[in-house]
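1. Kindly generate the corresponding structure for this input.
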Amino acid sequence: MMSTLPSLGFAGIGLMGLPMCRRLLAAGYPLTVWNRNPDKCAPLVEAGARQVATPAELCRHAEVVMLCLADTAVVREVVFGPAGIAAGARRGQLLVDFSSLEPTATREMAAQLANQTGMAWLDSPVSGGVVGAEAGSLAIMVGGDVADLQRVRPVLLNLGQRVTHMGGVGAGQVTKACNQMIVACNALVIAEVVALAEQSGVDASLLAEALAGGFADSRPLQILAPQMAESRFQPVKWHVRTLLKDLDTAVKFSREQGSATPISGLAAQLMRLHGAQGFLQQDPATLVQMYRGPDSAD
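-> Numbers count the residues shown, from 1 in each chain. Down below sits the predicted model:
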């Protein structure tokens, strides 16, 4: 039974990639890994993964190559740069990109890869954070050919509880942009709410419990409001810079489509302001510091 499982490659062993790879290994998939910083692959090699020195080598060992990388520029470099995936790709292989990228650039890169190598592309960004990656409960939104998705759906179901085909290549990235617009705007409003409660003499640590089950409830509220109220900013589970990058992507894409996104545009500027104060590498729970008085800043 083990021999029937497709061989997998994975590039990008970061906050999300590491737990995702652990789940694939636990499910019995033959896994080959690559990371720009090779030391990050060590725990996966210990668990049975093969490590290679270049992205191109992933294609030698894997039928399906997966990416979980920082942004569009990094994906372009890993796919088309020297010793990149395109240098090793063969017709019939499949690239599954879990990164959050610009939809237009995704469509361009997918077409270029198909023309050069015959390798197909699924943009499959995820939502659910590190906790979701560890639990295998991610929401996965997919753009690409339905037949390609069906081929890897059993693999994806080890990583996510929901896999939704959204349309052609790029549709997954559009959906992720919509997701991040909601998440980021929500996070900023939660920060305002916690600070307002504190400044009004209300115990902000009770907000999440008090609003649970009502129309204002959400997973970000339940996660972020207690962290903000307690000024619990460590460990960092995701980054301000990631939300800013995704908001910028959403606003840029909306401009290309002629669609108005004024709230997300303002959110991007507030997120940029917060990042400029030294918080780019910090958890978004730190957004509450923007609204607290100077005497309460940690």
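
2. can you tell me which residues contact Ala208?
-> Listed by C-beta atoms under 8 Å, 6 or more residues apart in numbering, the contact set of Ala208 reads 221-222, 225-226. Backbone N, C-alpha and C define where each C-beta goes, glycine included.

3. Grab the nearest non-local neighbour of it.
-> Ala225 (4.3 Å; C-beta to C-beta, 6 or more residues apart in numbering).

4. what do you get for Asp97?
-> Once flanking residues are discounted, Asp97 sits nearest to Leu67: 4.6 Å by C-beta to C-beta, 6+ apart.

5. ok but Leu95 is inside a strand, no?
-> Yes - assessed with DSSP: H, G, I helix; E, B strand; the rest coil, Leu95 lies in a strand.

6. Would you agree the residue nearest to Asp97 is in contact with Leu101?
-> No - Leu67 is beyond contact range of Leu101, at 9.5 Å (criterion: C-beta atoms under 8 Å).

7. shared neighbours, the two?
-> Residues touching both Leu67 and Leu101 (C-beta under 8 Å, 6+ apart): Val75.

8. just to revisit the earlier point, neighbours around the residue nearest to Ala208, how many?
-> When neighbours are defined as other C-beta atoms under 10 Å, Ala225 has 26 of them.

9. ok, which stretches of the stretch 151-298 of the chain are strands?
-> Using DSSP state E, counting those that start in this stretch, the strands of the stretch 151-298 of the chain run over residues 160-167.

10. Helices of that one, start to end?
-> Here the stretch 151-298 of the chain has its helices, by DSSP state H, counting those that start in this stretch, at 171-199, 207-211, 219-229, 240-257, 262-274.

11. Could you single out the nearest of the contacts of Ala208 to Val193?
-> Nearest to Val193 among the contacts of Ala208 is Ala225, at 7.3 Å by C-beta to C-beta.

12. how near is the closest one to Pro284?
-> According to C-beta to C-beta, to the nearest Å, Ala225 stands 12 Å off from Pro284.

13. Just the pLDDT at Gly293, thanks.
-> For Gly293, the model assigns a pLDDT of 72.

14. Please apply the same query to Ser3.
-> According to the model, Ser3 carries a pLDDT of 50.

15. again with Val142
-> If you check Val142, the pLDDT there is 98.

16. thinking again about what came up before, ok, the residue nearest to Asp97 to Gln257 distance?
-> 25 Å.

17. Now do the same contact list for the residue nearest to Asp97.
-> With contacts defined as C-beta under 8 Å, 6+ apart, Leu67 is in contact with 10-12, 75, 78-79, 95-99.

18. Flag the shaky bits of the protein, pLDDT-wise.
-> By pLDDT under 70, the low-scoring segments of the chain are 1-3, 294-298.

19. Using the centroid of it, identify the residue furthest from it.
-> Distance from the C-alpha centroid of the chain peaks at Gly201, with 36.7 Å (C-alpha atoms, centre = their mean).

20. can you tell me which of the contacts of Leu67 are in helices?
-> Of these, the ones assigned to helices by DSSP state H are 75, 78-79.

21. Kindly indicate which of those lies nearest Ala197.
-> Closest to Ala197, out of all of those and judged by C-beta to C-beta, is Val75, at 40.6 Å.

22. hang on, the closest one packs against Leu101?
-> Yes - when contacts are counted by C-beta under 8 Å, Val75 is listed as touching Leu101 (5.9 Å).
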